[in-house]
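Asker: Have a look at this prediction, sequence included:
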Number of protein chains: 2
Amino acid sequence: MDGRHVIVASNRGPVSFERDDAGRVVARRGAGGLVTALTGALSATGGRWIAAAMSEEDRRLAGTGPVEVEGPAGSGSYRVRFLALEPRAYEAYYQGISNRVLWFLNHYLWDTARLPSFDAGTAGAWLAYRQVNESFAATLAEEPGGAGGGWGGTHAYLVQDYHLALAPAALRRLRPDARIAHFWHTPFAGPDYLAILPRELREELLAGTLGADVVGFQAPGWARQFLAACRLLPGASVDARRRRVRFGGREVSVGVYPVGVDTAGLDALAASEEAAAAGRALEAWLGDRRLVLRADRTELSKNVLRGFLAFEALLANRPDLRGRVAMLAMLNPSRLDLPEYRAYLDDCLAAAARVDERFGEGPDDPVRVVIADDYPATLAAHARYDVLLVNPTFDGMNLVAKEGPWLNRRDGALVLSENAGAFSELGRHAVRVSPFDVEGTAAAMAAALDMPVAERRRRLRGLRRAVLASPPERWVRRQLGDLDAANAAR
Amino acid sequence: MDGRHVIVASNRGPVSFERDDAGRVVARRGAGGLVTALTGALSATGGRWIAAAMSEEDRRLAGTGPVEVEGPAGSGSYRVRFLALEPRAYEAYYQGISNRVLWFLNHYLWDTARLPSFDAGTAGAWLAYRQVNESFAATLAEEPGGAGGGWGGTHAYLVQDYHLALAPAALRRLRPDARIAHFWHTPFAGPDYLAILPRELREELLAGTLGADVVGFQAPGWARQFLAACRLLPGASVDARRRRVRFGGREVSVGVYPVGVDTAGLDALAASEEAAAAGRALEAWLGDRRLVLRADRTELSKNVLRGFLAFEALLANRPDLRGRVAMLAMLNPSRLDLPEYRAYLDDCLAAAARVDERFGEGPDDPVRVVIADDYPATLAAHARYDVLLVNPTFDGMNLVAKEGPWLNRRDGALVLSENAGAFSELGRHAVRVSPFDVEGTAAAMAAALDMPVAERRRRLRGLRRAVLASPPERWVRRQLGDLDAANAAR
């Protein structure tokens, strides 16, 4: 990395601080391959991570300057700088625009007869969204040496996700020579759906992300849709074959960088005593039944409801499977402060209860739903499943589809939505489903359960190879390499 | 038309028969430019119209052969042949697939967290849809001389709309040399949204319409999205620039044929005593207030709800307009047997009531909602409006946007959704809105009300010229011409 700093920006940082009962400052670290890879890269280069303050303690630290944090084992340390944002502006930026507009947009979630409805409240929230993005950009521009540093061209900015879609262009205005990559962890809507956004908003959104030198996506389909959507932006010229967009006198490169999982970290967690205990509890419930597993956040796009409907159809279509297969849904609570999410979870639970009522016999219900943030139990379930159901309506990547096969010890099969970004890497080893096709999903689960063990084993090996081929470090390294190439071409 | 027969196929025919109280058979004729143009073309060529039987009397007539019907004044007569379809199959084809799947698909209406949900019921309905389409095709193939006629190449089949998307390919199998045009009156979803349909369904749908020689749309945008969607079909090769699709060894031409209105017929209806009486009643309610009008079916895609929200925002933003402008919504009941439609209408009425409560003073409420099939009153309102609001979320064409300006006598302005097919013909004379932008729609209504009369008059003239440029006869003539060209190229 040529002694160059890497500077990451994201809404939520890799760490957040709190005070425990004794008044001591305690760090709560984020987990997952991405955090490990990015903090590893930061530690290697002496880089920084800019994130919104999440806690009171983060806010206090925002006033005292960057915080030194230890990176992954042996990699040294890096610095986190918190932004203390005005709470009402943060709420409008985070819930009003990021979660309720941009998330819904890029996951095709709008019930268009009613939503979206851009009113005066949305217009105000958009101003807040722009303002928060500009605050991030200003902080990025002044890190670490102040405005007069003139070092913009020697650093690599890695701006994360839909929360910060306007930050690349805002940073570009402050630092014309900066090297900026912007990565979308979500899908990206096609041009017809993106056009639901009023013109000024969609144009500002596209121009915002095109402030970067490199715009990255999880899967080729999202990059393709982004390129097609860029044709909506006056003044942009798109070369879909070369994945380039010319806009504002600059050339932007569009790339595909699939996020991977930290297999060593997963193995360590799966070997924990908590995971082992959870595994024993799972066996006790399951008995000699086979297991269909799903593990998701309680997120509209994860398609939990149709999953239960498909399991119901499976038991209805295949009497021989009744009492011989069970479904476990590990649901990690998410966004339950939004009314759409609460109503959806209620519908999911009602569907699960109906399956139990219709097909349950004795104490062992065919469906178990666990609503909890219980990672050890999820890891244990991954080791044990016979079928892993990953059926999102739309999903940028879906890491469960990678973590499950990595941990599985039963030659379990993966039933995978064609609309998960992971499908482009894993699809040929999975049983493909259209997520809207309940009957097709039931048939896919039946096919997975009926599959000869030799084929399941062969497919599981293929899945593991695909997971290994995409380590998190590669995600960082390839983006930095493409930033260098873009800079060299300039 | 070279002595060639024109044969039209559509779900609903241009006429339906009933018995009155005295037991006499009475014809109920459809109205509108399209029926006039098509029946005129049929009368001129001695052609036929094939449609599903709607009434008991239609069913009886289906058994006795084609019915001779008088065409538009002076054009002679044509024949209607009714298909008596098995009621349960018809219901599955009409509601199960046409209205609940294909209509929702092509108007982006799905609340994707819950709908569509393709289950065993949908699979059965799809079989019925295919079967009804094949029945139409078989009837088309045997008209008029029986299977041995060998005249397929000398006739022009004009197959209508999303109900009959599989009929072109089914007819092609029976009559390889037939000249077939298939026209989509709806929008056509882009490839990302079309991909919500499970693969087999979307491929059968695309291959079905590609059985035609000419596939027609109301507006360039829908043709473009159809061409992009055809890339999802294995074996199809798309030339977007020339608007051609090669599939199954044949070349299919994709055309844009905007449906027009019968201006002479409209004038005659608007001159009726019923319309005059309705006009007087409207004036009595309105007084000297200015009028914002909308006239729509109670259809989810017409965006009635956001229209009321926008009118509320208008009165909230502009106190000077309170008491000086009123909104009339003429809502023609449609599909209220579907629960989504009933719930939506309830929401619309609640929003209208809220505006009245918030801004009403005295007996003259600012909003009046008329739920009725009252065409004379609608015509009278068109003559009187100051602003016509046409804000569908998505609409194949929208003929209200053409009928209103044609009839208006007040230099009224048109506020038009960028997602109505009519926008491509009328947009430059209208005030453009994004249908999802409530605040923007309020601003557009304000701009329309504030516009100097000279500009409104100039724009209205432009709208009328555009309406005159697209007479219904032209819609038929151009399709027949393109069918000839396609046949000559073959």
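Answerer: Sure, I can see it. Numbers count the residues shown, from 1 in each chain, chains lettered A, B, ... in the order given.
Asker: Okay, the closest residue to residue A:318 other than its chain neighbours and residue A:324: tell me how far apart.
Answerer: Nearest non-adjacent residue to residue A:318, counting by Cβ to Cβ, 6 or more residues apart in numbering or on different chains: residue A:446, 5.9 Å away. To be clear about C-beta, it is placed using only N, CA and C from the backbone, and glycine gets the same treatment. Residue A:446 is 12 Å from residue A:324, where distance means Cβ to Cβ, to the nearest Å.
Asker: Looking at the two, which one has more neighbours?
Answerer: Neighbour totals were compared for residue A:446 and residue A:324, and residue A:446 leads with 19 against 14 (other Cβ atoms under 10 Å in any protein chain shown).
Asker: if I pick that one, what's in contact with it?
Answerer: Each residue near residue A:446 by Cβ atoms under 8 Å, 6 or more residues apart in numbering or on different chains is listed here: A:314, A:317-318, A:321.
Asker: Among the residues you listed, which one has the most neighbours?
Answerer: Neighbour-wise, these (other Cβ under 10 Å) top out at residue A:314, 27 neighbours.
Asker: Checking the closest residue to residue A:226 other than its chain neighbours next. Helix, strand or coil?
Answerer: Excluding the flanking residues, the one nearest residue A:226 by Cβ to Cβ, 6+ apart is residue A:188, at 4.3 Å. For residue A:188, the assignment made with DSSP: H, G, I helix; E, B strand; the rest coil gives coil.
Asker: Please tell me I have it right and residue A:188 contacts residue A:222.
Answerer: Yes: the criterion here is Cβ atoms under 8 Å, and residue A:188 meets it with residue A:222 at 4.5 Å.
Asker: Tabulate the contacts of residue A:446 (TSV), appending secondary structure and pLDDT.
Answerer: Output for those, formatted as TSV (DSSP: H, G, I helix; E, B strand; the rest coil; pLDDT from 0 to 100):
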residue	secondary structure	pLDDT
A:314	helix	98
A:317	helix	98
A:318	coil	98
A:321	helix	97
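Asker: among those, which two are most distant?
Answerer: Largest separation among the contacts of residue A:446 by Cβ to Cβ: A:317 and A:321, giving 8.7 Å.
Asker: Quick one: residues contacting the residue nearest to residue A:226.
Answerer: Applying Cβ under 8 Å, 6+ apart, the residues near residue A:188 are A:106, A:217, A:222-223, A:225-226, A:229.
Asker: could you redo these as CSV and give each row pLDDT and neighbour count?
Answerer: Compiled in CSV, those are given as follows (pLDDT from 0 to 100; neighbours: other Cβ atoms under 10 Å in any protein chain shown):
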residue, pLDDT, neighbour count
A:106, 98, 23
A:217, 98, 26
A:222, 98, 26
A:223, 98, 21
A:225, 98, 24
A:226, 98, 27
A:229, 97, 22
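Asker: Relative to residue B:102, which of these is nearest.
Answerer: For the contacts of residue A:188, the nearest to residue B:102 is residue A:225 (23.0 Å; Cβ to Cβ).
Asker: Give me the phi and psi angles of the closest one.
Answerer: phi -70, psi -40 (degrees, to the nearest 10).
Asker: Spit out the contact partners of it.
Answerer: Shown in contact with residue A:225 (Cβ under 8 Å, 6+ apart): A:187-191, B:192.
Asker: And the buried ones among those residues, selectable in ChimeraX?
Answerer: In ChimeraX, a selection of the buried entries from those looks like this (16 or more other Cβ atoms under 10 Å in any protein chain shown):
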select /A:187,188,189,190,191 /B:192
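Asker: Tell me the one of the contacts of residue A:225 nearest residue A:213?
Answerer: Using Cβ to Cβ, these come closest to residue A:213 at residue A:188, 17.8 Å.
Asker: So, low pLDDT: which residues of chain A?
Answerer: A:1-4, A:31-33, A:144-153, A:362-363 (pLDDT under 70).
Asker: Find the residue at the geometric middle of it.
Answerer: residue A:185 (5.2 Å; Cα atoms, centre = their mean).
Asker: now residue A:223: how far from residue B:168?
Answerer: Residue A:223 is 35 Å from residue B:168, by Cβ to Cβ.
Asker: Pull the longest helix anywhere in chain A out as PDB, backbone CA atoms only.
Answerer: Taking DSSP state H as the criterion, chain A has its longest helix at helix A:120-142. This file holds the C-alpha atoms of helix A:120-142, laid out as PDB (Å, rounded to 0.1, in the frame of the first residue of the first chain):
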ATOM      1  CA  ALA A 120     -42.400  18.400   3.200                       C
ATOM      2  CA  GLY A 121     -41.100  16.000   5.800                       C
ATOM      3  CA  THR A 122     -39.100  14.100   3.200                       C
ATOM      4  CA  ALA A 123     -37.700  17.300   1.700                       C
ATOM      5  CA  GLY A 124     -36.500  18.300   5.200                       C
ATOM      6  CA  ALA A 125     -35.000  14.900   5.800                       C
ATOM      7  CA  TRP A 126     -33.200  15.100   2.500                       C
ATOM      8  CA  LEU A 127     -31.600  18.400   3.600                       C
ATOM      9  CA  ALA A 128     -30.400  16.600   6.700                       C
ATOM     10  CA  TYR A 129     -29.100  13.700   4.700                       C
ATOM     11  CA  ARG A 130     -27.200  16.100   2.500                       C
ATOM     12  CA  GLN A 131     -25.900  18.000   5.600                       C
ATOM     13  CA  VAL A 132     -24.700  14.800   7.300                       C
ATOM     14  CA  ASN A 133     -23.000  13.700   4.200                       C
ATOM     15  CA  GLU A 134     -21.300  17.000   3.900                       C
ATOM     16  CA  SER A 135     -20.200  16.800   7.600                       C
ATOM     17  CA  PHE A 136     -18.600  13.400   6.800                       C
ATOM     18  CA  ALA A 137     -16.900  14.900   3.700                       C
ATOM     19  CA  ALA A 138     -15.500  17.900   5.700                       C
ATOM     20  CA  THR A 139     -14.100  15.600   8.300                       C
ATOM     21  CA  LEU A 140     -12.600  13.300   5.700                       C
ATOM     22  CA  ALA A 141     -11.000  16.300   4.000                       C
ATOM     23  CA  GLU A 142      -9.400  17.700   7.100                       C
END
